[in-house]
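Asker: Kindly generate the corresponding structure for this input.
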Amino acid sequence: MDTANLSAFLAVADSGSFSRAAEQLHLTQPAISKRIAMLEQQLDARLFDRIGRKVTLTEAGRALKPRAQEVLGLLNDTRRALSNLSDNVQGRLSMATSHHIGLHRLPPVLREFTCAYPDVALDIQFLDSEVAYEQVLQGEIELAVITLAPEVEPPVVAELIWHDPLDLVIAPEHPLAHAAVLDLAKLAAYPAVFPGANTFTHRIVSTLFEQHQIKPYISMSTNYMETIKMMVSIGLAWSVLPRSMLDSQVRALSIPGIRMQRDLGCIWHSGRTRSNAALAFIRLLQEAAAAESEKG
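Answerer: Numbering: from 1, shown residues only. Here you go, the predicted model:
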């Protein structure tokens, strides 16, 4: 069975489209259709139902999908293991990062990596941390640099890179900006914009208020920290931001006994052999974090 046909099958299954699968694999749509037809002929089973523009897996297709993922995953892992026998850092590194980390933490590391290892083809996706976590878990990407889940469970392995303190923030002209005494209950009475309900950061903030048995007035939510900062800066709501993002546009609140922090780091699948490229990238992340810590 040709692995190229299995790759085409998975691309169509994941995208739900022959044309999008063709774009993903840099092939023509007829080439994708031919590979699927060959695979269906080899297996003597129809793998997709095509109704209008909608493409869905048949029962046979649903049965094949996890097996195809396992076969290709094992093949790719074998290639990495054999490649790692040499000390060369080359090949393709598939990774994901969150928008916030990609904008505010990774650029110096990426610059150093591409200069030091020009033979590595970086395939970077910008995804929500929770989506990247799932893709690592499913073996779809090798490495992710994200906000770490409060609890990381096997087979996912996490390496802490940065502590990321979080601050409660308001606009400089917010009614509470000059309050002599401030507590969570008083703050919670005002509209808030929270990180999206599906995010690890939302979980951290929600846990804080739950521990104090306070229910905040959440008027809006979004997954993007830059959007949160904008909405806070124009006075629409209060929120939580990484301390590294604070400037004159927003004001951090100091509430006695309140401290929040999230952890940023990289994750990979324990059952997948890390490539030399992934190991080199993790090493540069660790060095960057150590240098930042020394600066204070």
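
Asker: for this structure, what's the longest helix?
Answerer: helix 59-83 (DSSP state H).

Asker: Would you check how far apart the residue lying farthest from the centre of the chain and residue 188 are?
Answerer: Most distant from the centre of the chain: residue 180, at 40.0 Å, with distances by C-alpha atoms, centre = their mean. The gap separating residue 180 from residue 188 is 18 Å, by C-beta to C-beta, to the nearest Å. Where you see a C-beta, it was placed from the backbone N, CA and C, and this is true even at glycine.

Asker: any low-confidence regions in this structure?
Answerer: Under the criterion of pLDDT under 70, the regions of the chain flagged as low confidence span 1, 80, 82-86, 296.

Asker: hey, where'd the strands end up in it?
Answerer: 48-51, 54-57, 91-97, 120-126, 143-147, 156-170, 191-195, 217-222, 239-242, 251-252, 260-269 (DSSP state E).

Asker: contacting residues around the first one?
Answerer: I take that to be strand 48-51. Surrounding strand 48-51, the residues in contact under the criterion C-beta atoms under 8 Å, 6 or more residues apart in numbering are 12-13, 36, 55-58, 61.

Asker: Show me which pair in the residues you listed is furthest apart.
Answerer: The two members of the contacts of strand 48-51 with the most space between them (C-beta to C-beta) are 36 and 56, at 13.4 Å.

Asker: Neighbour count for the two, which is higher?
Answerer: Neighbour tally, residue 36 and residue 56, criterion other C-beta atoms under 10 Å: the higher count belongs to residue 36, 23 against 12.

Asker: hang on, isn't that one packed against residue 10?
Answerer: No. When contacts are counted by C-beta atoms under 8 Å, residue 36 is not listed as touching residue 10 (10.8 Å).

Asker: hmm, back to that, quick one: which of the contacts of strand 48-51 is nearest residue 26?
Answerer: Using C-beta to C-beta, the shortest approach to residue 26 within the contacts of strand 48-51 belongs to residue 12, at 14.6 Å.

Asker: Residue 165 and residue 243 touch, don't they?
Answerer: Yes. Shown here, residue 165 and residue 243 form a contact pair, counting by C-beta under 8 Å, at 4.4 Å.
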